[in-house]
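Enquirer: Just need the structure, nothing else, for what follows:
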Amino acid sequence: MDHDADLKAATKFVIDRIAAEATQSGKRLTSEEQFLLENLPHTSPAMTFAASDPRNLTPVPRDLNYERISALAKHAYLADFPQNHELLKWECASAVFLFHNDPMWTLLHYAGVRNHRPWWDPFLLLFGALLWIAITLATFFVFLRESKTLTAVQWTEVFIVIVPMTILMGFGARRIQRWELDQEIERCSAGISRSDDQ
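Expert: From the prediction side, this is the model:
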């Protein structure tokens, strides 16, 4: 699978659909909107705050270009929703953007496009959490078996076991997510190909 080609195709599809929706609304994209759409920032301008102190949040001035693009994306997606073929293209584009950590994914997320998660995802997350808790407790019990308190050396040994396990579980979760996204991209691409052949 050529992920770069998938990213280019997904970007072209979304930009073309938003541009078509703008034309259909009677007001074509301005040059600023077109430039923003082709060069989206990695954080949504509408959601950025200038202050780090939660008691003194100063909102950044609204980005009307971003808001219009978001609204157009939502209208285009809702217009395509009843058509399975077009819906698959939106879902595939969303999965591709999420796979590449592309800022276009945030735009599609605001538009209502959701990625399908396998039914076992919540159970896998629960299993991972229980496994981590079990390993942590087992490690403490092994070291506490000999004495009622842990020495500095034993605390070090506990952390030598727990910290790498936590890091490995984080890497494992990311690998599983990328594998699931890869599977979703293949599923959507196969569905699009079948629809194109008919």
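Enquirer: contact partners of stretch 24-33?
Expert: By Cβ atoms under 8 Å, 6 or more residues apart in numbering, the residues outside stretch 24-33 that reach it are 18-19, 22, 37, 65, 68-69, 72, 75. Just so you know, the C-beta spots here come from the backbone N, C-alpha and C atoms, and that holds for glycine as well.
Enquirer: how about residue 77, secondary structure?
Expert: helix (DSSP: H, G, I helix; E, B strand; the rest coil).
Enquirer: where does the protein have low pLDDT?
Expert: Scanning the chain with the threshold set as pLDDT under 70 gives 1, 42-61, 116-121, 143, 146-148, 150, 195-198.
Enquirer: The same query, at a cut-off of 90, please.
Expert: Within the chain, the ranges that satisfy pLDDT under 90 run 1-7, 9, 36-67, 78-103, 105-198.
Enquirer: The residue nearest to residue 124 when sequence neighbours are not counted and residue 7, how far apart?
Expert: Once flanking residues are discounted, residue 124 sits nearest to residue 176: 7.1 Å by Cβ to Cβ, 6 or more residues apart in numbering. Per Cβ to Cβ, to the nearest Å, residue 176 is found 21 Å from residue 7.
Enquirer: What of residue 173?
Expert: 23 Å.
Enquirer: Tell me which of those two has more neighbours.
Expert: Just comparing residue 173 and residue 7: by other Cβ atoms under 10 Å the higher neighbour count belongs to residue 7, 17 against 13.
Enquirer: Give me the next element, helix or strand, following the helix or strand containing that one.
Expert: Secondary structure assigned from DSSP states H and E places residue 7 in helix 3-24. The element immediately downstream of helix 3-24 (helix or strand, assigned by DSSP H and E) is helix 31-38.
Enquirer: Please state the offset of that next one from the chain centre?
Expert: Averaging C-alpha positions (Cα atoms, centre = their mean, to the nearest Å) puts helix 31-38 23 Å from its chain's average.
Enquirer: Only C-alpha atoms, please: export that helix in CSV.
Expert: Only the C-alpha atoms of helix 31-38 are listed here, as CSV (Å, rounded to 0.1, in the frame of the first residue of the first chain):
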residue,chain,number,x,y,z
SER,A,31,-7.8,32.9,-2.2
GLU,A,32,-7.2,33.1,1.5
GLU,A,33,-9.6,30.2,2.2
GLN,A,34,-8.0,28.1,-0.6
PHE,A,35,-4.5,28.7,0.8
LEU,A,36,-5.6,27.8,4.3
LEU,A,37,-7.3,24.7,3.1
GLU,A,38,-4.1,23.6,1.3
